[in-house]
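J.: kindly generate the corresponding structure for this input.
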Amino acid sequence: MPPSVGGVDCGAFRSYNESMKITLQMQLVPTSEQREVLLSTMERFNAAASFAAKTGFDAGVFSQPSIHKLAYQEIRSRFGLSAQMAVRAIGKAVETFKRDRSKCPAFKPRGAVTYDERILSFKGLDKVSLWTLSGRMVLAMVYGEYQGQRFDRIKGQVDLVYRGSKFYLYATVDLPDKAPIEPKDWIGVDLGIVNLATDSDGNTYSGDALEKVRRRRHESRRSYQKTGTKSAKRRLKKMARREANFRRNENHRISNELVRLAKGTDRGIALEDLKGIRERTTVRARDRAKHSGWAFAQLQAFVCYKAKRAGIPVAFVDARNTSRTCSACGHCEKDNRKSQADFACKHCGFSENADRNAARNVRARAVVKRPDLAANVDPGLRSRAS
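T.: Got it, this is the predicted structure:
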């Protein structure tokens with residue numbers, strides 16, 4: 001069975017009858033006075049959620065009605081929350097217990113606050129009204145074109161999040177899937193560390209920029225870890241966020257290009273099933289940091305949801321020996337892979353960039369999974385992939 005990557009259903013030939021859920025991010029722009037009220041509200045809400053969790057945990061009850069009965073009145077009087085905010089605080093504790101009942105959670109003071117339609121309403125396209133400890137408060141809101149095109153689909157719960165000294169609203173919306181195309185062929189994609197992705201058309205999506213950032217951060221991280229002060233630890237957290245953001249942006253860029261290429265040529269996208277790859281492979285000591293920072297699952301998840309949104313089918317194929325198999329004659333041998341960059345078949349003498357050769361093998365295996373497409377591709381491709 002094809003894997004689930006990053007919480008995204010990545011079935012090879014999935015049904016498009018159900019809608020797809022995506023999360024919209026909108027930034028709030030509070031005044032200095034509003035900022036302090038929002039922070040106080042978040043702290044009070046999370047303190048109430050921690051109280052609700054402890055009350056339920058001590059009593060051995062974990063459902064919403066049971067904890068509500070024990071903690072609701074105390075939350076209203078002790079923490080000064082409105083009726084619906086008290087319900088939402090209890091709900092946060094209950095959601096945590098659904099994942100794990102073995103320990104009592106204690107929520108961070110500025111953790112996310114869940115709002116629903118009773119305590120949040122949008123005022124036009126650029127303002128939102130939130131319940132706070134100081135009553136209803138209207139805040140300015142900004143977002144991009146992507147969010148604006150889907151703004152009218154926001155329904156139900158919205159999370160208020162404080163991150164990097166900024167406030168955001170996260171809303172989940174349903175988008176109908178586009179009708180899937182019937183692919184004429186497949187684009188095979190080989191994922192790697194030196195080249196983050198290489199497709200079977202020969203396009204390379206280099207990881208040089210990402211590697212430069214990783215090395216620079218790695219050296220700085222070692223220095224700050226030796227220092228060990230509070231300010232150094234704060235700096236380490238900030239660096240980690242920046243590196244993660246840069247990696248995410250690169251994966252968005254690559255996934256956009258792959259989906260655009262597939263859509264423009266009426267082809268599906270074939271990816272390697274890399275589940276458990278880190279446990280199956282070993283690397284030199286000097287490459288361990290690079291290997292552990294390889295965000296292949298995130299890149300696959302981005303490709304999956306963007307392809308689904310565009311009606312592009314995604315196939316996952318067995319990744320074993322794609323780098324050792326000749327895409328010309330099908331001969332598989334360890335010595336075919338001369339180096340990280342070079343492939344030379346010991347049987348037929350075919351030579352090619354190693355990543356491009358692997359990407360063509362991925363494409364060939366996708367064709368084998370869909371024999372009905374054999375008429376649309378190179379007649380020798382299926383036999384070479386077998």
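
J.: and the helices in the stretch 51-200 of the chain?
T.: For the stretch 51-200 of the chain, the helices defined by DSSP state H, counting those that start in this stretch cover 64-79, 83-99, 145-148.

J.: out of the ones you listed, indicate the one that is most buried.
T.: helix 83-99 (a mean of 19; mean count of other CB atoms under 10 Å). C-betas here are computed from N, CA, C, even on glycine.

J.: chain center to that one, what's the gap?
T.: 25 Å (CA atoms, centre = their mean, to the nearest Å).

J.: burial measure for residue 25, as a count.
T.: 13 (other CB atoms under 10 Å).

J.: residue contacts, it?
T.: 143, 147, 168-170 (CB atoms under 8 Å, 6 or more residues apart in numbering).

J.: select only the buried ones of the residues you listed in ChimeraX?
T.: The buried residues among the contacts of residue 25 can be selected in ChimeraX (16 or more other CB atoms under 10 Å) with this line:
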select :143,147,168,169
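
J.: nearest to residue 244, of the contacts of residue 25?
T.: Nearest to residue 244 among the contacts of residue 25: residue 168, at 15.9 Å, using CB to CB.

J.: got a pLDDT number for residue 282?
T.: Looking at residue 282, its pLDDT stands at 52.

J.: redo the contacts of residue 25 as CSV? Include pLDDT and distance to residue 51.
T.: Output for the contacts of residue 25, formatted as CSV (pLDDT from 0 to 100; distance: CB to CB, whole Å):
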residue, pLDDT, distance to residue 51
143, 88, 34
147, 81, 34
168, 96, 26
169, 94, 25
170, 93, 24
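
J.: residue 187: which of the contacts of residue 25 is nearest?
T.: Residue 187 lies nearest to residue 147 out of the contacts of residue 25, by CB to CB, at 29.1 Å.

J.: ok, the closest one to residue 24 distance?
T.: 5 Å (CB to CB, to the nearest Å).

J.: residue 139 too?
T.: 16 Å.

J.: cool, residue 346 as well?
T.: Taking CB to CB, one finds residue 346 at 53 Å from residue 24.

J.: hang on, the earlier thing: which one among the contacts of residue 25 gets closest to residue 117?
T.: residue 169 (13.4 Å).

J.: on that earlier part again, by mean pLDDT, show me the worst of the helices of the stretch 51-200 of the chain.
T.: Looking at the helices of the stretch 51-200 of the chain, the bottom one is helix 145-148 with a mean of 79.

J.: any idea how far that helix is from the chain center?
T.: 19 Å.

J.: what sits up against that helix?
T.: Defining contact as CB under 8 Å, 6+ apart, one finds that helix 145-148 is touched by 24-26, 125.

J.: repeat that for 10 Å
T.: Here helix 145-148 makes contact (CB atoms under 10 Å, 6 or more residues apart in numbering) with 22, 24-27, 125, 141, 154, 169, 171, 173.

J.: give me the buried subset of the residues you listed.
T.: Looks like those have 24, 26, 141, 169, 171, 173 buried, using 16+ other CB under 10 Å.

J.: who touches the fourth one in this structure?
T.: Read it as residue 169. Applying CB under 10 Å, 6+ apart to residue 169 gives the contacts 24-28, 115, 120, 122, 128, 130, 139, 141, 143, 147, 154, 158-161.

J.: 8 Å instead?
T.: Residue 169 neighbours (CB under 8 Å, 6+ apart): 25-28, 128, 141, 158-161.

J.: in strands only, show me those residues.
T.: 25-28, 128, 141, 158-161 (DSSP state E).

J.: now the residues you listed in CSV, with pLDDT?
T.: Listed next are the ones in strands among the contacts of residue 169 as CSV, based on pLDDT from 0 to 100:
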residue, pLDDT
25, 90
26, 91
27, 94
28, 96
128, 94
141, 94
158, 93
159, 95
160, 97
161, 96
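
J.: okay if I get those as JSON lines plus distance to residue 48?
T.: Formatted as JSON lines, the ones in strands among the contacts of residue 169 follow (distance: CB to CB, whole Å):
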{"residue": "25", "distance to residue 48": "26"}
{"residue": "26", "distance to residue 48": "25"}
{"residue": "27", "distance to residue 48": "26"}
{"residue": "28", "distance to residue 48": "22"}
{"residue": "128", "distance to residue 48": "22"}
{"residue": "141", "distance to residue 48": "25"}
{"residue": "158", "distance to residue 48": "19"}
{"residue": "159", "distance to residue 48": "16"}
{"residue": "160", "distance to residue 48": "15"}
{"residue": "161", "distance to residue 48": "18"}
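
J.: out of these, the closest to residue 46 would be?
T.: residue 160 (11.2 Å).

J.: could you measure from that closest one over to residue 229?
T.: Shown here: residue 160 relative to residue 229, a distance of 32 Å by CB to CB.

J.: okay, the two: which has more neighbours?
T.: For residue 160 versus residue 229, neighbours defined as other CB under 10 Å are more numerous around residue 160 (21 against 9).

J.: low-confidence ranges, the stretch 1-150 of the chain, go.
T.: 1-19 (pLDDT under 70).

J.: make it 50
T.: 1-18 (pLDDT under 50).

J.: just the stretch 151-300 of the chain next, same as before
T.: In the stretch 151-300 of the chain (pLDDT under 50), the answer is 283, 291, 293.
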